[in-house]
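K.L.:
sequence and predicted structure, then a few things I'm wondering about:
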Amino acid sequence: MTELKQSPSAEHERRSWPALLSPLSDLLVFLAGALLVWRAWVVGERLLARGVNIYLDLPPLFASWAPHTGPGTVPAIVLALLVVIAGPTVASRMRWGPLLAVTYPVTLGWMFSLTMIEGWSFGVVTKLSNPKNYLAEIDRVETVASMLRHFTERILLEPGSWAVHVSGHPPGVLMVFVWLDRIGLGGGIAASVFCMLVGSTTVLAIATTLRALGEEHIARAVLPFGVLLPGMVWMGVSADAMFAGVTACGIALLAVGTSRGDRRGDLAALAGGILLGFTLYLSYGLVLAGVFALVVLALTRRLRPTLFAIAGAAVVVVLFTVHGFWWLEGYELVRIRYYQGIAATRPYSYFVWANLACVVLVAGPAVLAGLRRLAMAPRRLALGARLLTVAALLAIAAADLSGMSKAEVERIWLPFTMWLAVPCAVLPRGQHRWWLAAQAALALLINHLIITRW
């Protein structure tokens with residue numbers, strides 16, 4: 001029998017269909033995300049009209065509609081253009097060490113510029129010093145030891161209880177701000193700058209984790225997308241930016257340590273374990289970051305550095321426990337306190353899906369397209385990057401279903417959503433600048449059209 005051969009035109013048509021369908025599918029997933037955001041706004045407004053107090057002026061976001069510009073407008077636009085134009089080339093060609101050294105100030109500058117769109121006073125000075133926030137309680141702390149012993153006694157809503165944010169978190173975050181105050185870095189400015197400095201390490205730590213897992217090419221592709229992730233709008237200024245930075249650095253040190261297998265690796269793993277142990281005392285929800293650690297340990301599979309990491313985390317837990325704070329007791333009391341406040345009138349049936357609209361805004365269109373392409377062809381991304389993406393999605397899903405994150409997740413879930421920059425690596429290289437431009441445009445639109453409370 002004679003083998004039938006396709007004509008050149010038929011072969012060209014066969015190859016062109018996927019090329020035509022991919023952008024169309026990306027557009028459809030973007031429209032689906034936009035529809036979810038719009039629907040969350042419509043339903044939220046209906047709840048408010050019916051008298052259901054969801055404590056949101058612009059559902060599903062904890063924000064207010066207020067078009068404005070500010071001192072950070074021009075620098076933010078300039079930095080966005082710089083990353084869009086030069087980011088992919090610099091990330092692919094520069095040596096690793098200098099690349100991280102360049103990425104950090106650019107990330108910090110972008111975050112600070114976005115913050116300054118709201119002005120120096122509102123954007124920086126008062127963000128962490130209002131009566132409901134951490135700094136309001138510093139003067140009530142005589143010593144850290146006594147604070148730890150009596151911390152749980154002030155969680156429930158009653159006379160003398162902690163401010164809202166302090167009572168809703170373990171004592172580690174208050175400890176950080178107390179330590180800053182004790183060394184002469186008290187007040188809203190120092191606290192805000194500290195959170196931005198630590199938060200800016202998140203992108204570098206995510207890339208370092210990927211490189212330690214042997215996926216440097218993916219790490220380089222992810223860096224510009226991490227910098228311009230719209231979630232940076234909420235990274236500056238919020239304590240959750242600090243949580244994201246500490247968590248990501250802990251995972252990065254764990255990945256470096258368990259992938260080396262030498263003495264330096266043991267020390268890195270020990271340091272990573274200490275940081276990850278401390279994250280448990282920054283936010284109860286960060287226990288879900290354990291899925292990232294499990295991914296790293298499953299991929300590296302080295303016993304000795306793993307034991308060092310476990311020992312580091314155990315030391316932190318033991319120190320907090322012997323000084324009077326038992327994590328499980330604190331969590332149980334927080335569950336009660338949560339429903340003593342605004343959570344009591346925020347309906348789970350709305351926020352369990354409206355929260356995901358916030359994720360769409362934090363992640364941006366490039367992440368939606370990356371997730372779609374990854375779902376269609378998972379092997380286009382290396383195993384470590386795939387599993388870290390799945391870990392982020394699992395953490396978000398667990399936090400969402402728990403009912404302990406009803407609203408404000410654009411800020412609360414930053415330690416998880418920042419990792420969603422990873423699937424952007426599957427986007428076609430030739431389209432990276434366009435997707436980066438879309439990410440930057442969304443971030444700038446959000447920051448100029450609404451006033452975020454964080």
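P.N.:
Now that the structure is in, tell me what you want to look at. Note that this is a predicted model, so its numbers are computed, not measured.

K.L.:
backbone dihedrals for Thr452, please?
P.N.:
Backbone torsions for Thr452, taken as degrees, to the nearest 10, come to phi -80, psi 150.

K.L.:
what's the pLDDT at it?
P.N.:
Per-residue confidence (pLDDT) for Thr452: 89.

K.L.:
in the sheet, who's paired with it?
P.N.:
Note on Thr452: beta-bridge partners Ala63, judged by DSSP bridges.

K.L.:
tell me, how many residues neighbour it?
P.N.:
24 (other Cβ atoms under 10 Å). Every C-beta, even on glycine, is put in place using the N, C-alpha and C of the backbone.

K.L.:
against Ala239, how distant is it?
P.N.:
Distance, Thr452 to Ala239, using Cβ to Cβ, to the nearest Å: 14 Å.

K.L.:
where do the strands sit along the chain?
P.N.:
Taking DSSP state E to define them, one finds strands in the chain at 63-65, 450-452.

K.L.:
tell me which of the ones you listed sits most buried.
P.N.:
strand 450-452 (a mean of 20; mean count of other Cβ atoms under 10 Å).

K.L.:
ok now that strand, how far from the chain's centre?
P.N.:
18 Å (Cα atoms, centre = their mean, to the nearest Å).

K.L.:
what packs against that strand?
P.N.:
When contacts are defined as 3 or more Cβ pairs under 8 Å, 6 or more residues apart in numbering; DSSP states H and E, strand 450-452 sits against strand 63-65.

K.L.:
returning to what we had before: got JSON lines for the strands of the chain, with distance to Gly184 too?
P.N.:
Shown next, in JSON lines, are these (distance: least, Cβ to Cβ, whole Å):
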{"stretch": "strand 63-65", "distance to Gly184": "34"}
{"stretch": "strand 450-452", "distance to Gly184": "30"}
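
K.L.:
and those strands: which comes nearest Val125?
P.N.:
Comparison of the strands of the chain against Val125 by Cβ to Cβ identifies strand 450-452 as nearest, at 15.3 Å.

K.L.:
show me the contact partners of that closest one.
P.N.:
Here strand 450-452 makes contact (Cβ atoms under 8 Å, 6 or more residues apart in numbering) with 58, 61-66, 68, 118, 122, 233-234, 410, 446.

K.L.:
going by neighbour count, which of the residues you listed comes out on top?
P.N.:
Top of these by neighbour number is Trp234, holding 34 neighbours under the definition other Cβ under 10 Å.

K.L.:
list the residues that contact it.
P.N.:
Asp240, Ala241, Val362, Glu410, Arg411, Leu414, Thr452, Trp454.

K.L.:
among those, which ones are buried?
P.N.:
Asp240, Ala241, Val362, Glu410, Arg411, Leu414, Thr452, Trp454 (16 or more other Cβ atoms under 10 Å).

K.L.:
what about the helices in the stretch 151-300 of the chain?
P.N.:
Secondary structure of the stretch 151-300 of the chain (DSSP state H, counting those that start in this stretch): helices at 164-167, 172-182, 188-199, 201-212, 216-227, 232-235, 239-260, 263-279, 290-300.

K.L.:
now for the ones you listed, which one comes closest to Leu100?
P.N.:
Here helix 201-212 is closest among the helices of the stretch 151-300 of the chain (Cβ to Cβ), at 5.3 Å.

K.L.:
how many degrees apart are that closest one and helix 216-227 in direction?
P.N.:
170 degrees (axes from the mean of the first three to the mean of the last three Cα atoms, to 10 degrees).

K.L.:
quick one, helix 201-212 and helix 290-300 angle?
P.N.:
Using the same axes, to 10 degrees, the direction of helix 201-212 lies 20 degrees away from that of helix 290-300.

K.L.:
need the contact partners of helix 201-212.
P.N.:
Here helix 201-212 makes contact (Cβ under 8 Å, 6+ apart) with 96, 100, 103-104, 107, 216, 218-220, 222-223, 226-227, 235, 241, 244-245, 248-249, 251-252, 255-256, 259, 296, 384-385, 388, 418-419, 421-422.

K.L.:
wait, Cys249 touches Ile274, no?
P.N.:
No - Cys249 lies out of contact with Ile274 (Cβ atoms under 8 Å); the separation is 10.7 Å.

K.L.:
and those two? which has more neighbours close in?
P.N.:
Legend: neighbour count by other Cβ under 10 Å for Cys249 and Ile274, higher for Cys249 (23 against 19).

K.L.:
grab the nearest non-local neighbour of that one.
P.N.:
Using Cβ to Cβ, 6 or more residues apart in numbering and skipping the chain neighbours, the partner closest in space to Cys249 is Ala205 (4.7 Å).

K.L.:
circling back to that earlier point, take the buried ones among the contacts of Trp234 and lay them out in CSV including distance to Ala136.
P.N.:
Formatted as CSV, the buried ones among the contacts of Trp234 follow (distance: Cβ to Cβ, whole Å):
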residue, distance to Ala136
Asp240, 18
Ala241, 19
Val362, 27
Glu410, 23
Arg411, 18
Leu414, 22
Thr452, 20
Trp454, 16
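
K.L.:
from those, which is closest to Phe320?
P.N.:
Using Cβ to Cβ, Asp240 comes nearest to Phe320 of the buried ones among the contacts of Trp234, at 20.4 Å.

K.L.:
let me know whether the closest one touches Ile412 as I believe.
P.N.:
Yes - counting by Cβ under 8 Å, Ile412 is a contact partner of Asp240 at 6.1 Å.

K.L.:
where do the contact lists of these two overlap?
P.N.:
Shared contacts of Asp240 and Ile412, defined by Cβ under 8 Å, 6+ apart, comprise Ser283.

K.L.:
residues contacting Ala309?
P.N.:
Leu254, Gly257, Thr258, Ala269, Leu270, Gly272, Gly273, Leu276, Ala293, Leu297.

K.L.:
closest to Ala399 among these?
P.N.:
Nearest to Ala399, judged by Cβ to Cβ, of these is Ala293 at 16.4 Å.

K.L.:
show me what contacts the closest one?
P.N.:
By Cβ under 8 Å, 6+ apart, Ala293 lies in contact with Gly250, Ile251, Leu254, Leu276, Ala309.

K.L.:
most neighbours among those, which one is it?
P.N.:
Among those, Leu254 has the most neighbours (other Cβ under 10 Å), with 31 neighbours.

K.L.:
quick check: the gap between that residue and Leu319.
P.N.:
Here the criterion is Cβ to Cβ. By it, Leu254 lies 19 Å from Leu319.

K.L.:
over to Leu157?
P.N.:
From Leu157 to Leu319 the distance is 28 Å (Cβ to Cβ).

K.L.:
perfect, that will be all.
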